[in-house]
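**Student:** Using only what follows, build the 3D model:
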Amino acid sequence: MQYTFASFSFGCRVNHAEKQRFDQELLALGYVYDNANPNIYIINTCAVTAKAERGVRQFIYQIKKKLPNCKIILTGCAATFWQQNKINNKLPIDLVIPNSDKEKLCETINKLCHPEPSLTLKGSNDKFLQSGRYLLKIQDGCPRFCSYCIVPYLRGKPKSTLIKNLKFQILNLNPYIKEVVLTAINTEAFGNDTGETLIGLIQTTLNTTNISRISFGSIHPWSINTELLNYYKTIANNPRFVNFFHIPLQSGCNRILKFMKRDYSIKDIRNKIYELNSINPRALIATDIIVGFLDETDSDFDKTYKLLEELPISKFHVFKFSKRSHTAADFMAKQMTEPTPQEKNKRSQSLIALGNKKYQKFLQTLVGWKSSALMIGDVNDGYQTGLLENQVPMMVKTNKNLLGQIKLVKTLQLKYDKLIGELI
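**Tutor:** Sure thing, here's the model as predicted:
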């Protein structure tokens, strides 16, 4: 019997990188990807917020209703948290594989199903692979234990993949892969257990592989130190290095950062962001912000707003604080005040509006720029999306499908909140 499977990932890019690996391993073992009628459905879950957990539960019921005969296999942070705390144990799932056993997920499935082996690598519907981008998981786990975050409790101790093994993966990617996206739970922890460095990984990738582009999913504030900034000066103009920095700051108020146990100051962050921008003003700098953390006042929020308004950060991902059980914040909440849902919504909408305004202003600075672009997606009405050297999408005029190709383009105008450009 030839078994079919489908998969879905919630949450961070590390989760999506793991999903990619599950897909590839199962395809190589002879399974066929079939989203319409799978025998097995793998769900890689997220527990970063209560909303994320709720989304997972809803998705499980949707899949079971749509595919009643399908075996649902759950893994990831929510699955691990639920198993550890013996909750949600009446969900219609068939198997839970916690994070500690995730590396053996495909082996476990294979032992249950025993298909005939095969070496085909066709069939995945992964959105990143289809666009010629590969999410390369370089590290797992986090040593920081920020007060609001449940992830360190569910991902375990930091563990890095050796650079030689990452290089092997890159060298053995299918030729249509043009970009590797380095993904980690905490980039700061990369190499701490192996004696290697993030700079060493970037150098090795640029110097010993032919991959067209290398980028980061997120890069954490602690990773942006003097050594990295000095190294960035040497590669900022290399078209193979994507000038995109998603730096999760979480707050722009020292008082709140202290409560969050983030272990850096606004002065530190301000200097790092300005230094990045001075090295390459066209680098896209983005961030994550949590609003409504414990004891956050209007004055605290105003400090965050004003900092984001000031700094050359052009894209925001805004989250409303969600108290997670067993975290430090869960215990702190007994003695601190949590902003109301209305206050959280107001602050969230305020930052989202500011972020949209700043992003449009940043896009305007790119008009007239010549850049290489990775072409992704389909051709619609004579345009196809191209990801510029800073990961900004642009609608490129073309009637030919250039999916997965690197092309030289020029931005012509900003129209309907989107960059419009042409091939050169």
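**Student:** Ala286 contacts Asn243, doesn't it?
**Tutor:** No: judged on Cβ atoms under 8 Å, Ala286 makes no contact with Asn243 at a distance of 11.8 Å. Where C-beta positions appear, they are placed from N, C-alpha and C, glycine not excepted.
**Student:** Neighbour count for these two, which is higher?
**Tutor:** Neighbour tally, Ala286 and Asn243, criterion other Cβ atoms under 10 Å: the higher count belongs to Asn243, 25 against 19.
**Student:** So what does that one look like in phi/psi?
**Tutor:** As for Asn243, its main-chain torsions (degrees, to the nearest 10) stand at phi -80, psi 70.
**Student:** Please enumerate the strands of the stretch 251-400 of the chain.
**Tutor:** Taking DSSP state E, counting those that start in this stretch, the strands of the stretch 251-400 of the chain run over residues 284-291, 315-320, 370-380, 383-387, 393-397.
**Student:** can you list contacts of the longest one?
**Tutor:** So that's strand 370-380. By Cβ atoms under 8 Å, 6 or more residues apart in numbering, the residues outside strand 370-380 that reach it are 131-133, 178-179, 212-213, 239, 384-390, 394, 396, 398-411, 424.
**Student:** what about 6 Å?
**Tutor:** Taking contacts as Cβ atoms under 6 Å, 6 or more residues apart in numbering, the residues outside strand 370-380 that touch it are 131, 178-179, 239, 384-389, 401-403, 405-410.
**Student:** quick check: angle from that strand to strand 393-397?
**Tutor:** Direction vectors for strand 370-380 and strand 393-397, defined by axes from the mean of the first three to the mean of the last three Cα atoms, to 10 degrees, enclose an angle of 70 degrees.
**Student:** Then the fourth one?
**Tutor:** Going by the same axes, to 10 degrees, strand 383-387 is angled at 140 degrees with respect to strand 393-397.
**Student:** Report all helices and strands that strand 383-387 contacts.
**Tutor:** In this structure, strand 383-387 makes packing contacts with strand 370-380, strand 393-397, judged by 3 or more Cβ pairs under 6 Å, 6 or more residues apart in numbering; DSSP states H and E.
**Student:** any idea which of these scores lowest on pLDDT?
**Tutor:** When the helices and strands packed on strand 383-387 are compared by mean pLDDT, strand 370-380 comes last with a mean of 94.
**Student:** Neighbouring strands - and their directions - for that one?
**Tutor:** Based on DSSP bridges, the pairing partners of strand 370-380 within the sheet are strand 383-387 (antiparallel), strand 406-415 (antiparallel).
**Student:** if we can go back for a sec, and the helices and strands packed on strand 383-387: which comes nearest Leu276?
**Tutor:** Closest of the helices and strands packed on strand 383-387 to Leu276 is strand 370-380, at 18.2 Å (criterion: Cβ to Cβ).
**Student:** need the longest helix for the chain.
**Tutor:** helix 341-365 (DSSP state H).
**Student:** any idea of the mean pLDDT in that helix?
**Tutor:** If you average the pLDDT over helix 341-365, you get 98.
**Student:** for stretch 77-93, same thing?
**Tutor:** Mean predicted lDDT for stretch 77-93 stands at 90.
**Student:** in it, what counts as buried?
**Tutor:** Buried residues in stretch 77-93, defined by neighbour count with 16 or more other Cβ atoms under 10 Å: Cys77, Ala78, Ala79, Thr80, Phe81, Trp82, Gln83, Asn88, Leu91, Ile93.
**Student:** to the chain's geometric centre, what's the distance from it?
**Tutor:** Relative to the mean C-alpha coordinate of its chain, stretch 77-93 is positioned 24 Å out (Cα atoms, centre = their mean, to the nearest Å).
**Student:** cool, stretch 405-417 as well?
**Tutor:** Taking the mean of its C-alpha atoms, stretch 405-417 sits 24 Å from the chain's own mean (Cα atoms, centre = their mean).
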